[in-house]
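Visitor: Build me a model from this:
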Amino acid sequence: MVVLPGGMPGASHLKDDARIITLLRKMADAGKYTAAICAAPMALAEAGVLAGKQATSYPGFLDAMNVAGMHFRADAVVQDGA
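Guide: Take a look at the predicted model:
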């Protein structure tokens, strides 16, 4: 499992780190769990792993990214899958 911590500018650094993006893609391809809080879901979006998924983030981050196929929800907590 990978859990991405929130907060800025840390979440932006996660999104811009090629190693993190590669790790998130590998986790998704292997069907492993990932979690992100606050602004950190932007790294999941950057990795391209939110298509067809439900997701949320701190207001103004993920909803502004317009991720193709993602179902943005304004709920405090969103779980997609098992």
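Visitor: What is the longest helix along the chain packed up against?
Guide: When the chain is parsed with DSSP state H, its longest helix is helix 18-29. Here helix 18-29 touches strand 2-4, strand 34-36, helix 41-47, going by 3 or more CB pairs under 8 Å, 6 or more residues apart in numbering; DSSP states H and E. From N, CA and C alone the C-beta is placed, and that goes for glycine too.
Visitor: try 10 Å this time
Guide: Where contact means 3 or more CB pairs under 10 Å, 6 or more residues apart in numbering; DSSP states H and E, helix 18-29 is packed against strand 2-4, helix 10-15, strand 34-36, helix 41-47.
Visitor: what are the pairing partners of the first one, and which direction each?
Guide: Taking DSSP bridges as the criterion, strand 2-4 sits next to strand 34-36 (parallel) in its sheet.
Visitor: buried set for the strand it pairs with?
Guide: The neighbour-count check on strand 34-36 (16 or more other CB atoms under 10 Å) flags 34, 36 as buried.
Visitor: Give me the residues contacting it.
Guide: Residues outside strand 34-36 that contact it (CB atoms under 10 Å, 6 or more residues apart in numbering) are 1-6, 11, 14, 23-24, 27-28, 40-45, 47, 49-50, 55-57, 62, 79.
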